[in-house]
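Colleague: Give me a model of this one.
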Amino acid sequence: MNLTRKPLAGLLLLASVCGVAHGEDQALEQAIASDTRTANYVERDDYRHPYETLSFLGIKDDMTVVEIWPDGGWYTEILAPYLRENGKFYAAHFSADSSSSYFRDSRQTFIEKMAATPALYDKVTLTSFSPPDELSIAPAGTADLVLTFRNVHNWYMRGGGDENVLAALSAMFTALKSGGVLGIVEHRLPEARSLDDQEASGYMRQDYVIEMARKAGFELAETSEINANPKDSADHPKGVWTLPPSLRLGDEDRNRYLAIGESDRMTLKFVKP
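Modeller: All right, here's what the predicted structure looks like:
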């Protein structure tokens, strides 16, 4: 859904199909529709459904919100302006001391992006997150909402498995207030598949993610199919990165993977008791 190009009447009709009533949060609509967003990020709205996703997770513009590993800032471009006047926004980015040059470069590019447009990003608080070592994403017990988009597989695959995933989720539990919400969007592996398929595919089983969040202390509040894609088999030569936007196979079967679109994703809402 491209909010920069659809009239409000069209938005309301589409929202009714998706089960979310647009117009309830005009500030969020405006942040998504803003021409300050990067053009190729806006193109991903059709797959990522930012209004529906954030509304489902209960975001309000006066909340304290933490975004985990914002990378280039796809969601930051929406969240920072939205929260700027009334809320508080923490961007828990990669560690500056990471052994990964990609992580270090991504963090530095993010810093430069924030500095280049202070009217949007001057109130963003940058923290570091590198489980299991750097876990202080925000002061303990202060966050209303912690958001992580397509990251659980990274913690699982980077040598830590269950222990690393649990460390990451426990840090989010610590940052949240009692009653605070953790929102997870993640590439979804069919539950009939072996957990071993999580090792390199980039896909995670939904039952696994729910169980790990429960081990960290969370209660599952609700699930949503907002970001589901039934065309995705979750079985591709280069894992989830075979699909757009990565398209790791280049021109090989490119039209086939473009027709599938981005991955099938779980959308999970947890609460800290």
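Colleague: what about the spatially closest residue to W241 that is not a sequence neighbour, distance to E191?
Modeller: Among residues not flanking W241 along the chain, R248 sits closest, at 4.4 Å (Cβ to Cβ, 6 or more residues apart in numbering). (Each C-beta comes from the backbone N, C-alpha and C, glycine too.) Remark: distance between R248 and E191 (Cβ to Cβ, to the nearest Å) = 25 Å.
Colleague: which of the two has more neighbours?
Modeller: Neighbour tally, R248 and E191, criterion other Cβ atoms under 10 Å: the higher count belongs to R248, 14 against 10.
Colleague: Next up, the contacts around the more buried one.
Modeller: Going by Cβ atoms under 8 Å, 6 or more residues apart in numbering, R248 touches 238, 241-242.
Colleague: Apply 10 Å and report the result again.
Modeller: Applying Cβ atoms under 10 Å, 6 or more residues apart in numbering, we find R248 in contact with 236-242, 257.
Colleague: Mind jotting down where the helices sit in the stretch 1-150 of the chain?
Modeller: 8-18, 26-33, 39-42, 45-48, 50-56, 76-83, 101-116, 118-121 (DSSP state H, counting those that start in this stretch).
Colleague: among these, which is nearest Q206?
Modeller: Taking Cβ to Cβ, helix 50-56 is the member of the helices of the stretch 1-150 of the chain nearest to Q206, at 15.5 Å.
Colleague: In CSV, could you pull the C-alpha coordinates for that closest one?
Modeller: Only the C-alpha atoms of helix 50-56 are listed here, as CSV (Å, rounded to 0.1, in the frame of the first residue of the first chain):
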residue,chain,number,x,y,z
PRO,A,50,3.3,0.1,8.2
TYR,A,51,0.0,1.7,9.3
GLU,A,52,-1.7,-1.6,9.9
THR,A,53,1.3,-3.0,11.7
LEU,A,54,2.0,-0.1,14.0
SER,A,55,-1.7,0.3,14.7
PHE,A,56,-2.1,-3.4,15.6
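Colleague: ok so, going back, let's see if you can find the most crowded of the contacts of R248.
Modeller: Among those, V240 has the most neighbours (other Cβ under 10 Å), with 23 neighbours.
Colleague: measure that residue to Q30 for me?
Modeller: Using Cβ to Cβ, one gets 32 Å for the distance from V240 to Q30.
Colleague: which residues touch the nearest residue to S136 once chain neighbours are set aside?
Modeller: Sequence neighbours aside, T127 is the residue nearest to S136 in space, at 6.6 Å (criterion: Cβ to Cβ, 6+ apart). When contacts are counted by Cβ under 10 Å, 6+ apart, T127 touches 66, 68, 90-93, 95, 134-139, 175.
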